[in-house]
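1. need the 3D shape of this:
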Amino acid sequence: MWKWIHSLFVKNDRKGEENVMKYLIVGLGNLHPDYDDTRHNIGFDVVDVMAEEQNAPWKLVNLGATAEIKYRGRKLILLKPSTYMNRSGKSIRYWMQKENVPIERLMVVVDDIHLPFGSLRMRPKGSDGGHNGLKDIQEYLGSHEYPRIKVGIGNSFYKGQQSDYVLGKWSEEERKSLPDILQKAGDAIRSFTTIGMQQTMSKYNG
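-> Numbering: from 1, shown residues only. Purely as a prediction, here's the structure:
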């Protein structure tokens, strides 16, 4: 009798878990200490802050590190691929399939040198813009129509120094503004999961 009741509760719990709307939030970066605190890793920084706000622990898993948070009845699976920036697609496709997350509930967080430092631009789709990480994702997903939010890191570098700039550490002045930028990006992502793409773009893009 009690075993039957227990199994019934377990089944109901699993059914409830399956009915929770899930999102996969992917911060792009390089999962190696040498890349910590660099401009190219701002995608990692955004999801790190989102996890920290809910004291969600990171777990090293297949093709990355994940943490899970809840927001207004949604389950947000945060992912930091361990495949390095330019090979992010394999990890993303694996976790989309594993968690059964459709492409419209994917959000990729990436740095962008074409945007002023600290500005945000969320889009439901777009080209890779020369970004190798986005290019790899497009190849693995077979589509460029996936949501992404670009975080501006500026382009204060001389010709031929782009790589050094992108992989370089934040300046002291930039570091002062970083917490507010990361918080705003996290707010925009949470907004996307509740009020949708169009309203979120109107509110946060700029």
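
2. burial count for residue 82?
-> Using other CB atoms under 10 Å as the criterion, residue 82 is surrounded by 17 other residues. In short, each C-beta sits where N, CA and C put it, glycine included.

3. what about it, distance to residue 61?
-> Summarising the geometry, the distance separating residue 82 from residue 61, computed by CB to CB, to the nearest Å, is 9 Å.

4. what's the answer for residue 35, then?
-> Using CB to CB, which is the criterion applied here, residue 35 is 19 Å from residue 61.

5. flag the shaky bits of the chain, pLDDT-wise.
-> Confidence mapping of the chain against pLDDT under 70 gives the ranges 1-18.

6. and the residue most central in space within it, helix, strand or coil?
-> Within the chain, one residue has its C-alpha closest to the average C-alpha position: by CA atoms, centre = their mean, that is residue 26, at 2.7 Å. Under DSSP: H, G, I helix; E, B strand; the rest coil, the three-state class of residue 26 is strand.

7. got a list of what it touches?
-> By CB atoms under 8 Å, 6 or more residues apart in numbering, the contact set of residue 26 is 43, 47, 78-81, 88, 91-92, 95, 106-109.

8. wait, is residue 69 part of a strand?
-> Yes. Assignment of residue 69 by three-state DSSP places it within a strand.

9. measure how buried it is and give me the count.
-> A count of nearby residues for residue 69, using other CB under 10 Å, gives 19.

10. please report how far it lies from residue 76.
-> In this structure, residue 69 and residue 76 are separated by 5 Å, where distance is defined by CB to CB.

11. shared neighbours of these two, which are they?
-> residue 50.

12. picking up where we left off before, let me have the contacts of residue 26 in a markdown table, adding neighbour count as columns.
-> Written out in a markdown table, the entries for those read as follows (neighbours: other CB atoms under 10 Å):
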| residue | neighbour count |
| --- | --- |
| 43 | 28 |
| 47 | 30 |
| 78 | 26 |
| 79 | 26 |
| 80 | 24 |
| 81 | 28 |
| 88 | 31 |
| 91 | 26 |
| 92 | 27 |
| 95 | 21 |
| 106 | 21 |
| 107 | 22 |
| 108 | 21 |
| 109 | 28 |
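
13. in TSV, list those residues along with distance to residue 53 and secondary structure.
-> As requested, the contacts of residue 26 are arranged in TSV below (distance: CB to CB, whole Å; DSSP: H, G, I helix; E, B strand; the rest coil):
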residue	distance to residue 53	secondary structure
43	17	helix
47	11	helix
78	11	strand
79	17	strand
80	16	strand
81	21	strand
88	24	helix
91	23	helix
92	23	helix
95	21	helix
106	21	strand
107	16	strand
108	20	strand
109	15	strand
